[in-house]
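>>> A structural model of the following input is requested.
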Amino acid sequence: MGRVTDLASFAPLLAPEGLALLAALRDYDPAQELAVASRLRRDHPAELVTAALGQARLRQRAVAKFGAEDAYRMYFTPNGVEQSTRASVGTYRAGRMKALGVRSVADLCSGIGGDAIALARAGISVLAVDRDPLTAEVARANAEALGLAELIEVRCADVTDIDTAPYDAVFVDPARRGGRGRIFDPEAYSPPLSWAVEAARKAPHAALKVAPGIPHEAVPEEAEAEWISDGGDVKEAVLWFGTEPGARRATLLPSGAGLTGRGLPDPAVRPVGRYLYEPDGAVIRAHLVAEVAEDLAGGLIDETIAYITADELIPTPYAAAYEITDELPFNLKKLKALLREREVGTLTVKKRGSAVEPEEIRRRVKPKGPNAATVLLTRVAGAPTMLIGRPAGGGR
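Have a look, this model is predicted:
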């Protein structure tokens, strides 16, 4: 399984022969890689074929983040595919920058250029900085491939050596993965969060991309903290400087719905009503469950569980709604009997505050029949509970 590892192996992919190979490999089946490689090596150098196959695999993986139109024109490294910002999130963030009046950005730790591309497409000029020579060259190739080279200057350098004074804004995306996987301590980021915060304080505007699990106490007082989800999955948190100090916000893509904290106390615990609402992950991470509960005239089913219950179905983009038909103490035999009685064959199992895995439930109850149901494994007032119901219209 070859891959581009240095500038010498990457450069041939930008030449006519490499471009032609990549175009021919657009729809190839990785399961047939040995046969494809053998065939291509009859007419092309083995090193080029290896590099092209590796790049073709990365492009196929990148479609989920960048869309087919861009992904099959761009270039990637394995880390670049894994760590780059999803295009929808980058586009949203670039739009916020533009709305702030930002015309130029120093993009520090730019990686393969995903955020630089989004910023440039918003009409913002970008200095993209990465200290890895191959990554910087890939970013440069991407700017060229997408026709954005006039707006994106790529520089291979240590971000700590960059003078950001000439730029309207700073964007920092520290590396949050190391040799042992994901890094959870913000001071173990590369560069550390404290350095990124100091860089942000020197600029009129700044955005620092951080892990969604960042402790709220690690957020500087002068920063706005925004948690962003896309399609229901929490993608990242961003610390904004020069916007609303102390604000906490949840933003849901693709709708763009945004919820800002109102400083509410924790909701009261109440009995399970007719409807259960499952807040979006960005709402939970931003500690804005109380705001959603107030809007729904609801309460919590347990003081430690982020499920909201209410008697009325109220449309909200910030939570998925379920109509609850049954509330039972946790008991697999009773669940199996109830599902058999109702001829439930399509079973969705969700959990929050339960150690039982959904797959184990499906295996044990063996659902069979033409009907569908949702089981929510959770705690109600501290007691392990099964809530049975169905998705209700009016939620997100």
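>>> Could you use CA atoms for every contact and neighbour count after this?
Fine.
>>> which residues touch Leu288?
Going by CA atoms under 8 Å, 6 or more residues apart in numbering, Leu288 touches 249-250, 259-261.
>>> What subset of those residues is buried?
Among the contacts of Leu288, those classed as buried by 16 or more other CA atoms under 10 Å are 249-250, 259-261.
>>> Looking at those, which is nearest Leu100?
Nearest to Leu100, judged by CA to CA, of the buried ones among the contacts of Leu288 is Arg249 at 16.7 Å.
>>> wouldn't that closest one be in contact with Arg285 here?
No: taking contacts as CA atoms under 8 Å, Arg249 lies outside contact range of Arg285: 9.6 Å.
>>> list the residues that contact both of the two?
Residues touching both Arg249 and Arg285 (CA under 8 Å, 6+ apart) are Trp227.
>>> how about the residue nearest to Leu253 when sequence neighbours are not counted, phi and psi?
What sits nearest to Leu253 in space, not counting adjacent residues and going by CA to CA, 6 or more residues apart in numbering, is Asp230, at 4.5 Å. Phi and psi for Asp230, reported as degrees, to the nearest 10, are phi -130, psi 120.
>>> so where's this structure shaky on pLDDT?
Across the chain, the ranges flagged by pLDDT under 70 are 1-5, 177-181, 183, 394-396.
>>> on that earlier part again, need the contact list for the residue nearest to Leu253.
Contacts of Asp230 (CA under 8 Å, 6+ apart): 88-89, 252-254.
>>> List buried residues within those.
Among these, those buried by neighbour count (16+ other CA under 10 Å) are 88-89, 252-253.
>>> Buried residues, the helix or strand encompassing Val63. List them.
Val63 belongs to helix 46-66 when elements are defined using DSSP states H and E. Neighbour counts using 16+ other CA under 10 Å place 48-63, 65-66 of helix 46-66 among the buried residues.
>>> Show me how far that helix is from its chain's centre.
Distance of helix 46-66 from the chain centroid (CA atoms, centre = their mean, to the nearest Å) equals 22 Å.
>>> for stretch 317-336, same thing?
Put simply, stretch 317-336 sits 28 Å off its chain's centre (CA atoms, centre = their mean).
>>> ok so, going back, Serialize the buried ones among the contacts of Leu288 to CSV and add fields for secondary structure.
Shown next, in CSV, are those (DSSP: H, G, I helix; E, B strand; the rest coil):
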residue, secondary structure
Arg249, strand
Ala250, strand
Leu259, strand
Thr260, strand
Gly261, coil
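>>> Surely Val272 is in contact with Thr309?
Yes: Val272 is within contact range of Thr309, at 5.7 Å (criterion: CA under 8 Å).
>>> Overlap of the contact sets of those two?
The contact sets of Val272 and Thr309 overlap at Ile301 (CA under 8 Å, 6+ apart).
>>> for Arg26, helix, strand, or coil?
Strictly by three-state DSSP, Arg26 counts as coil.
>>> Renumber starting at 28 from here on
Happy to do that; since the first residue is 28 now, the last one works out to Arg53.
>>> which residues of the stretch 228-377 of the chain fall in helices?
For the stretch 228-377 of the chain, applying DSSP state H, counting those that start in this stretch gives helices covering 308-312, 316-322, 359-368.
>>> So which elements touch the first one?
Contact partners of helix 308-312 among helices and strands, from 3 or more CA pairs under 8 Å, 6 or more residues apart in numbering; DSSP states H and E: strand 251-257, strand 260-268, strand 275-280.
>>> Distance from that helix to the middle of the chain?
Centroid separation between helix 308-312 and its chain, computed with CA atoms, centre = their mean, is 12 Å.
>>> now do stretch 260-268
The chain centre lies 9 Å from the centre of stretch 260-268; the measure is CA atoms, centre = their mean.
>>> Same question for stretch 151-158.
22 Å.
>>> do the same with stretch 232-251
16 Å.
>>> What of stretch 50-66?
With CA atoms, centre = their mean, you get 30 Å for stretch 50-66.
>>> where do the strands sit along the stretch 28-177 of the chain?
Secondary structure of the stretch 28-177 of the chain (DSSP state E, counting those that start in this stretch): strands located at 131-135, 152-157.
>>> Pick the most deeply packed of these.
Comparing the strands of the stretch 28-177 of the chain by mean neighbour count (mean count of other CA atoms under 10 Å), strand 131-135 ranks first with a mean of 26.
>>> which residues are contacting it?
With CA under 8 Å, 6+ apart, strand 131-135 has contacts from 142-143, 151-157, 186, 191, 194-200.
>>> Check stretch 284-299 too.
274-279, 310, 315, 317-318, 320-321, 325-330, 336-337, 344-345, 407-408.
>>> In it, which residues are buried?
Buried residues in stretch 284-299, counted by 16+ other CA under 10 Å: 285-288, 294, 296-297, 299.
>>> quick check, nearest of the residues you listed to Ala163?
Checking the buried residues of stretch 284-299 against Ala163 with CA to CA, the nearest one is Gly285 at 33.9 Å.
>>> What's opposite the closest one in the beta bridge?
Here Gly285 sits in beta bridges with Thr278, as judged by DSSP bridges.
>>> and it, how far is that from Asp293?
20 Å (CA to CA, to the nearest Å).
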